[in-house]
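>>> Only the shape, not the letters, is given here:
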């Protein structure tokens with residue numbers, strides 16, 4: 001039903017605002033965990049509560065909750081990724097993140113469609129989509145310490161900055177010494193650089 005989809009899209013706005021609130025109060029990782037938990041529970045409730053036609057109000061409520069969860073999850077997820085990517089690898093790792101998100105995006109829909117086309121009850125198909133949320137939730141819980149990840153990313157940035165400064169210093173020393181040798185044309189200078 002188009003109204004349920006509209007309700008879901010409208011629900012993403014308060015979901016993004018809830019994500020901001022939870023991210024500021026906790027951290028983006030816990031915010032994402034809460035959002036995926038809501039999505040998992042809501043999908044399980046949809047599989048149990050939506051039993052047939054004539055349940056528009058339930059559908060709108062469940063769609064609205066899916067919208068809130070979607071807005072919340074995507075906002076928190078991107079915040080996590082942006083904070084743990086080391087400086088200088090932004091485009092590379094953000095591209096990898098987006099690729100990984102898109103490469104499996106079709107799988108839950110495909111499984112639902114295959115089950116539906118083979119006559120399996122739609123409630124089981126919806127529950128199969130919930131399994132993907134459950135897998136995501138498990139992945140979030142084995143992710144590790146968020147503050148530690150930020151610290152490691154920051155240390156990587158500092159190490160890269162130090163290495164870049166060292167290599168620039170060496171390059172400028174070589175250039176200065178090389179220019180002096182060419183100007184002087186002395187054998188002593190050539191021996192120093194050799």
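Yes, it's here. Model, not experiment: these values are computed from the prediction. Numbers count the residues shown, from 1 in each chain.
>>> Now do the helices in the chain.
Taking DSSP state H, the helices of the chain run over residues 2-25, 28-49, 56-84, 90-103, 107-117, 122-141, 146-184, 187-193.
>>> any chance of these in CSV, with mean pLDDT and mean neighbour count too?
All C-beta spots, glycine's among them, are computed from the backbone N, C-alpha and C. What follows is the helices of the chain, written out as CSV (pLDDT from 0 to 100; neighbours: other C-beta atoms under 10 Å):
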stretch, mean pLDDT, mean neighbour count
helix 2-25, 91, 16
helix 28-49, 92, 20
helix 56-84, 91, 20
helix 90-103, 86, 12
helix 107-117, 91, 13
helix 122-141, 89, 16
helix 146-184, 60, 12
helix 187-193, 44, 11
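>>> which residues sit against stretch 47-65?
Applying C-beta atoms under 8 Å, 6 or more residues apart in numbering, the contact partners of stretch 47-65 are 1, 3-5, 7-8, 10-11, 38, 42, 45-46, 123-124, 126-127, 130.
>>> Mind doing that once more with 7 Å?
Applying C-beta atoms under 7 Å, 6 or more residues apart in numbering, the external contacts of stretch 47-65 come out as 1, 3-5, 7-8, 11, 38, 42, 45-46, 123, 126-127, 130.
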